[in-house]
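Peer 1: this one's structure only:
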């Protein structure tokens, strides 16, 4: 069993791939398909999207392991060194982000669902990018419909 075990894997014979390739390819777009062979080790067929998600999760795991092996500073400060976009967040948000990312990674590994960690990482990175661009949580000041605005 691998860390990135897919909960929805279908097993097909190699003859199915040659006789019913359209059906097998349609399955592989939805979930991983294991192709068994009489004369060799089974092969795995998956979408590029799934392969990319697994690669991204492994890279994220490598980053988290690197962060946890360092003993200097807080988890949030060590993660900000590895993910510089976190520096756009407040200290409180950095700590929350660090915890959320670790929790999402654990959930991804436990369930075999890479999108959980990748979505959390993307969400926090986009939040930091928006803050760096000057966007904030302050409510917008709306004008009344009948209020006239003079030209500058």
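Peer 2: Right, received. Where do you want to start? Everything quoted here is computed from the prediction, not taken from an experiment. Residues are numbered from 1 along each chain as shown.
Peer 1: ok, residue 79 to residue 123 distance?
Peer 2: Counting by Cβ to Cβ, to the nearest Å, the separation of residue 79 from residue 123 is 15 Å. (Each C-beta comes from the backbone N, C-alpha and C, glycine too.)
Peer 1: more neighbours: which of these two?
Peer 2: Counted by other Cβ atoms under 10 Å, residue 79 and residue 123 do not tie: residue 79 has more neighbours, with 24 against 14.
Peer 1: contacting residues around the more buried one?
Peer 2: When contacts are counted by Cβ atoms under 8 Å, 6 or more residues apart in numbering, residue 79 is found next to 67, 86, 94, 97, 98, 101.
Peer 1: what helix or strand is the spatially closest residue to the first one that is not a sequence neighbour on?
Peer 2: Right, the one you point to is residue 67. Across the structure, with Cβ to Cβ, 6 or more residues apart in numbering as the measure, the residue nearest residue 67 apart from its sequence neighbours is residue 78 (4.7 Å). Under the criterion DSSP states H and E, the helix or strand holding residue 78 is helix 75-82.
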